[in-house]
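J.: One predicted model, sequence on top.
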Amino acid sequence: MSRQSGYLEGQLLLAMPGMSDARFDRSVIYLCSHSEEGAMGLVLNEYLTALTFSELLDQLDIETEGTVQDVPIFAGGPVETGRGFVLHTNDFIQDSTLVVSETIALTATVDILKAMAEGTGPRQHILALGYAGWSPGQLEQEIQSNGWLTCPADEELVFCTAPDDMWPRAMAMMGVDISMLSSLSGHA
């Protein structure tokens, strides 16, 4: 569904300082799907340090030829943390790929992992274990409660920005001065 229909897939969620769930403090999440059935997205700015790409390939019994290219792994969210997803540019499409926007797609197969290891995968990619999920109406409620700010996804921000710089850079792109944000909300 498009943004005009009220759904936000293909957009970024930026955690506001008042975010009630500490797991998402300063998170930048790419929304892969959003409908009346709920929402699913990947946290883009939190590295997973407990596992290397080579170790992941070994665990999945993925054999590659030649030298394996190093790929950082991100903690995509607290749901199904053993499940892998690759958010990537749309220059690599398989039958199981979900095309999210004109430039960004999502694939969750071992074939894409092998292609990435061999350097034949998508031009830009983010490998994440786990995802962030919302039940029907939950995300809308969190947005109304000032938990999230939404903004358009920019391919350079998504794929080329260091994780520590992503949240402040996205806020600045929205014209938000983060020094002026407060974790307290009130009503006039």
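T.: Nice, thanks for sending it over.
J.: Okay, residue 130 and residue 140: tell me how far apart.
T.: As judged by C-beta to C-beta, to the nearest Å, residue 130 and residue 140 stand 22 Å apart. C-betas here are computed from N, CA, C, even on glycine.
J.: Kindly report the same for residue 175.
T.: 23 Å.
J.: follow-up on the earlier one: residue 130 and residue 140: who's more crowded?
T.: Neighbour count, other C-beta atoms under 10 Å: between residue 130 and residue 140, residue 130 has more, with 21 against 16.
J.: from what I can see residue 31 touches residue 14, true?
T.: No. The criterion here is C-beta atoms under 8 Å, and residue 31 misses it with residue 14 at 11.4 Å.
J.: So what touches the longest helix anywhere in the chain?
T.: Ordering each helix of the chain by length in residues (DSSP state H) puts helix 163-173 first. With contacts defined as C-beta atoms under 8 Å, 6 or more residues apart in numbering, helix 163-173 is touched by 12, 14-15, 26-28, 44-47, 74, 149, 151, 154, 157, 161, 178, 181.
J.: Pull out the buried positions in it.
T.: By neighbour count on 16 or more other C-beta atoms under 10 Å, the buried set for helix 163-173 is 166-167, 169-171.
J.: With stretch 74-87 instead?
T.: Neighbour-count burial for stretch 74-87 [16+ other C-beta under 10 Å]: 74-77, 84-87.
J.: before we move on, what about stretch 150-163?
T.: Applying 16+ other C-beta under 10 Å to stretch 150-163 flags 150-151, 153, 157-159, 161 as buried.
J.: Mind listing the residues bridging to the residue most central in space within the chain?
T.: Residue closest to the mean C-alpha point of the chain, counted by C-alpha atoms, centre = their mean, is residue 42 at 2.8 Å. Beta-bridge pairing of residue 42, defined through DSSP bridges, involves residue 30.
J.: I'd say it and residue 128 touch.
T.: Yes. Judged on C-beta under 8 Å, residue 42 makes contact with residue 128 at a distance of 4.7 Å.
J.: Identify the contacts common to these two.
T.: In contact with both residue 42 and residue 128: 74, 76-77, 85, 87, using C-beta under 8 Å, 6+ apart.
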